[in-house]
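Visitor: Following is a predicted model, sequence given first.
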Amino acid sequence: MGQAARSGRFFGVYLLYCLNPRHRGRVYVGFTVNPARRVQQHNGGHRKGGAWRTSGRGPWEMVLILYGFPSAVAALRFEWAWQHPQASRRLAYVGPRLRSEAAFTFHLRVLAHMLRAAPWVRLPLTLRWLQPDFHHDLCPAPPPHMPITFGPPPPQSLATKGIAATATDSETPMDLGAEASCTLCAHTLQDEEHPLCCPHPGCPLRAHVICLAQEFLREEPEQLLPLEGHCPSCKKSLLWGDLIWLCHMDTKEEEDLDLEEEHWTDLLET
């Protein structure tokens, strides 16, 4: 299968808003690997792959999506907590929905607190408002490393802020070679170890995941997951989520992720 048909490991959690006058104001939180196709499924009804809760109530508008999750499991856990904040011990401090509070407003309130709560606060997420007319400022605001963007979803192959294109254009080959060594510990790198490579042109950095994580966490030794850091070789700023994404890009094809999406959607709605 060609490059254009690959999914790029896009995992998103989205918010739908119902435009049907009979059900206007209803919202739905879901998980997807393909936003454009997923909203079509919701509007097509359950027989077209949509969820039972949205079937027959359309049209639905996908108004925002969060992406940058390191795995489908991470995205699904986020989705579940957003759907059931009262059942999540991490969100126990978030008050229940007020009688006068619209469902849309309540879900934004929950989302704002989720993005500031562990473990989600350390994920390299992007919040994209797909429909700018629905835009509301979140309170509290997302952490500085989580950008807020506007417009349609980016092509899935560019979903990590374009860094993949930088890696493709790099003057330094990404192949490790038989005797490649970790820049930080000098031990030999093996392909099965999935070493991390700096995407900036000309940078020779090749490192074990654990070595680079320890380097990035020098000022936060109590943490397990880095957010960002400076490349030990070229000194340029790097987002940890982008490095991990590049390490694993193109390892799954879209059909595999489609099955995963449908399987989990069925489980969550039964």
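Guide: Received the coordinates, thanks.

Visitor: Okay, strands next: where are they in the stretch 1-150 of the chain?
Guide: Secondary structure of the stretch 1-150 of the chain by DSSP state E, counting those that start in this stretch: the strands cover 12-18, 27-32, 60-67, 126-129, 148-150.

Visitor: Can you give the contact residues for the first one?
Guide: I take that to be strand 12-18. Here strand 12-18 makes contact (Cβ atoms under 8 Å, 6 or more residues apart in numbering) with 24-33, 35, 38-39, 42, 54, 57-67, 69, 75, 78-79, 82, 104, 107, 111, 131, 134, 153. C-beta: built from backbone N, CA, C; applies to glycine.

Visitor: Which PyMOL command selects the buried ones in the residues you listed?
Guide: In PyMOL, selecting the buried portion of these, with burial taken from 16 or more other Cβ atoms under 10 Å, looks like this:
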select buried, resi 26+27+28+29+30+31+32+33+35+38+39+42+54+57+58+60+61+62+63+64+65+66+67+69+75+78+79+82+104+107+111+153
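
Visitor: nearest to Tyr93, of the strands of the stretch 1-150 of the chain?
Guide: strand 27-32 (19.8 Å; Cβ to Cβ).

Visitor: what's the angle from the closest one to strand 12-18?
Guide: Angle of strand 27-32 versus strand 12-18, following axes from the mean of the first three to the mean of the last three Cα atoms, to 10 degrees, is 150 degrees.

Visitor: related to what we said a few turns ago, now render the strands of the stretch 1-150 of the chain as JSON lines, adding distance to Pro221 and mean pLDDT.
Guide: Formatted as JSON lines, the entries for the strands of the stretch 1-150 of the chain read as follows, by distance: least, Cβ to Cβ, whole Å; pLDDT from 0 to 100:
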{"stretch": "strand 12-18", "distance to Pro221": "30", "mean pLDDT": "96"}
{"stretch": "strand 27-32", "distance to Pro221": "33", "mean pLDDT": "95"}
{"stretch": "strand 60-67", "distance to Pro221": "29", "mean pLDDT": "95"}
{"stretch": "strand 126-129", "distance to Pro221": "27", "mean pLDDT": "96"}
{"stretch": "strand 148-150", "distance to Pro221": "30", "mean pLDDT": "94"}
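
Visitor: State the pLDDT value of Thr168.
Guide: For Thr168, the pLDDT comes out at 43.

Visitor: so where's the stretch 1-150 of the chain shaky on pLDDT?
Guide: For the stretch 1-150 of the chain, the stretches flagged by pLDDT under 70 are 1-8.
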